[in-house]
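*Asks:* Sharing a model that was predicted from the sequence below.
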Amino acid sequence: MPTHPEKKVDLSQTLAENSIASLPPLVEPGPALDAGELERYSRHALMPEIGLEGQRRLRNAKVLVIGAGGLGSPALLYLAAAGVGTLGIIDDDSVELSNLQRQVIHGVGDIGRTKLESARDSIAELNPGVGIVLHPVRLDSTNALEIFAGYDVILDGADNFATRYLVNDAATLLGKPYVWGSILRFDGQVSVFWDKHGPNYRDLYPEPPAAGTVPSCAEGGVFGMLCASIGAMMVTEAVKLITGVGETLLGRLLVFDALASRWRELRITKDPEAPAITELVDYEVLCGLGAESDQGGRDESSVSVEDLQARLRGRNTGERDFMLVDVREPVEFEIARIPGSVLVPLAGIKDSTALGKIPRGTPLVLHCKSGVRSAQALEALAAAGYDDVVHLEGGIDAWLEMGDPGAGLE
């Protein structure tokens with residue numbers, strides 16, 4: 001769930017101070033609460049800012065959560081506990097063991113199940129009075145407007161920039177507010193965007209970062225507990241939007257440094273010169289992930305899993321030698337590796353300190369997790385004068401999807 005590059009630090013100097021008044025309640029109150037609901041939500045009802053009317057607004061609200069992962073897990077649990085009447089969930093992934101370090105809505109027994117099914121069961125166990133709508137799709141420009149139309153507020157816990165820009169533009173076109181959160185390593189960010197009342201995501205980040213310049217959580221890691229901090233703040237903002245209490249984060253960005261236990265606030269204003277959002281576009285292309293990108297179609301600098309298998313067999317029989325270079329981090333190499341690979345992390349290739357480990361005049365095949373870092377390594381090696389260098393399309397992820405393509409190759 002990567003954050004934007006560190007240019008965010010400079011925004012405190014460039015974004016003008018602004019103040020956005022408290023907003024009216026987003027949702028009308030529903031029917032009176034029954035006896036069981038009065039007991040369940042009594043701690044909310046006791047607070048005059050929420051009260052019975054605020055709780056009825058929550059029960060009448062429809063909230064869409066994008067992703068049942070690191071941010072979606074705590075967000076969904078707290079939205080359900082708060083009594084939000086209808087929760088929609090978008091996700092097309094399955095539960096893996098590595099998710100359980102932070103995705104607290106899932107358990108060991110859910111490994112292999114879809115995250116939607118797992119999240120649904122956890123929500124029902126916590127609060128059976130919540131209606132749950134599952135959207136087992138990958139959000140894109142063909143379905144976003146139709147899905148968003150049925151909800152009052154959207155929580156964006158997506159882990160990629162293409163989806164973030166898509167969510168922003170779809171919410172803007174529909175006039176809906178959304179709460180955004182982002183995490184990477186020890187850093188988190190959270191804000192509220194609502195174009196008709198204040199800034200949208202493009203006012204904060206007009207352009208996406210270049211593909212591959214910001215690591216994903218799978219590549220850079222994430223402090224598990226950070227998900228709870230940012231996810232809880234996202235739910236706090238959603239509840240304030242629904243009930244109309246307090247001051248939302250519209251026009252403000254909170255940045256949390258978990259290592260220092262320090263929050264910072266940056267002000268955001270609308271860019272009067274920003275082009276109007278009039279339609280949804282191809283967000284994969286916008287973020288440099290289209291057919292011609294490092295993660296897209298094959299080009300002369302990439303090889304497939306099948307190609308690599310053939311090369312490994314040829315190397316074992318003495319037909320043609322080459323060096324298979326893994327540019328990931330040591331811990332990734334320990335978890336899973338391709339037979340016969342040599343670890344040379346990307347950082348040492350980019351700053352030239354590790355070039356002594358890579359012979360010149362020997363054909364090279366590079367790989368990383370998904371193909372982004374290996375493409376960067378290829379570019380750095382080419383600039384350093386290496387030739388006959390290719391990288392594995394889809395990285396070790398594609399290799400592992402083939403089952404055990406390395407059987408018998410060591």
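*Replies:* Yep, it's here.

*Asks:* Was I right to think Met225 contacts Ala258?
*Replies:* Yes. Counting by C-beta atoms under 8 Å, Ala258 is a contact partner of Met225 at 7.1 Å. Every C-beta, even on glycine, is put in place using the N, C-alpha and C of the backbone.

*Asks:* immediately after the host helix or strand of Leu79, which helix or strand?
*Replies:* For Leu79, the host element (DSSP states H and E) is helix 72-82. Per DSSP H and E, helix 72-82 leads on to strand 86-90 as the next helix or strand towards the C-terminus.

*Asks:* partners of that next one in the sheet?
*Replies:* Here strand 86-90 is paired, per DSSP bridges, with strand 62-66 (parallel), strand 131-135 (parallel).

*Asks:* mind checking how far Val281 is from Tyr205?
*Replies:* Between Val281 and Tyr205 the computed distance is 16 Å (C-beta to C-beta, to the nearest Å).

*Asks:* And these two? Which one has more around it.
*Replies:* Taking other C-beta atoms under 10 Å, Val281 and Tyr205 do not tie; Tyr205 has more neighbours (17 against 13).

*Asks:* mind checking how far that one is from Asp169?
*Replies:* 13 Å.

*Asks:* Ok, Leu126 next?
*Replies:* Distance, Leu126 to Asp169, using C-beta to C-beta: 33 Å.

*Asks:* So the two - more neighbours on which side?
*Replies:* Asp169 (24 against 15).

*Asks:* Identify the residues contacting the residue nearest to the more buried one when sequence neighbours are not counted.
*Replies:* The spatially closest residue to Asp169, leaving aside those adjacent along the chain, is Ile277, at 5.0 Å (C-beta to C-beta, 6 or more residues apart in numbering). Counting by C-beta atoms under 8 Å, 6 or more residues apart in numbering, Ile277 touches 168-169, 172-173, 195, 200, 202.

*Asks:* Show the pLDDT at Leu286.
*Replies:* At Leu286, the model reports a pLDDT of 79.

*Asks:* so it sits right up against Pro208, yeah?
*Replies:* Yes. Leu286 is within contact range of Pro208, at 6.3 Å (criterion: C-beta under 8 Å).

*Asks:* which residues are in contact with both of those two?
*Replies:* Common neighbours of Leu286 and Pro208 (C-beta under 8 Å, 6+ apart) are 162, 165.

*Asks:* and those two? which has more neighbours close in?
*Replies:* Pro208 (21 against 16).

*Asks:* avg pLDDT for the helix holding Leu79?
*Replies:* For helix 72-82, mean pLDDT is 98.

*Asks:* just stretch 301-310 next, same as before
*Replies:* Averaged across stretch 301-310, pLDDT comes to 91.

*Asks:* Please point out which parts of that stretch sit buried.
*Replies:* 301-303, 305, 308-309 (16 or more other C-beta atoms under 10 Å).

*Asks:* between those residues, which is closest to Ile89?
*Replies:* Nearest to Ile89 among the buried residues of stretch 301-310, counting by C-beta to C-beta, is Val305 at 32.3 Å.

*Asks:* residues contacting the closest one?
*Replies:* By C-beta under 8 Å, 6+ apart, the neighbours of Val305 are 392-394, 398-399, 402, 405.

*Asks:* which one of those residues has the most neighbours?
*Replies:* Counting by other C-beta under 10 Å, top hit in the contacts of Val305: Leu392 with 26 neighbours.

*Asks:* Verify the stated contact: it with His367.
*Replies:* Yes. Here Leu392 reaches His367: they are 3.8 Å apart, a contact under C-beta under 8 Å.

*Asks:* Which residues belonging to the helix or strand harbouring Ile123 are considered buried?
*Replies:* For Ile123, the host element (DSSP H and E) is helix 115-126. For helix 115-126, the neighbour count (16+ other C-beta under 10 Å) marks 115-123 as buried.
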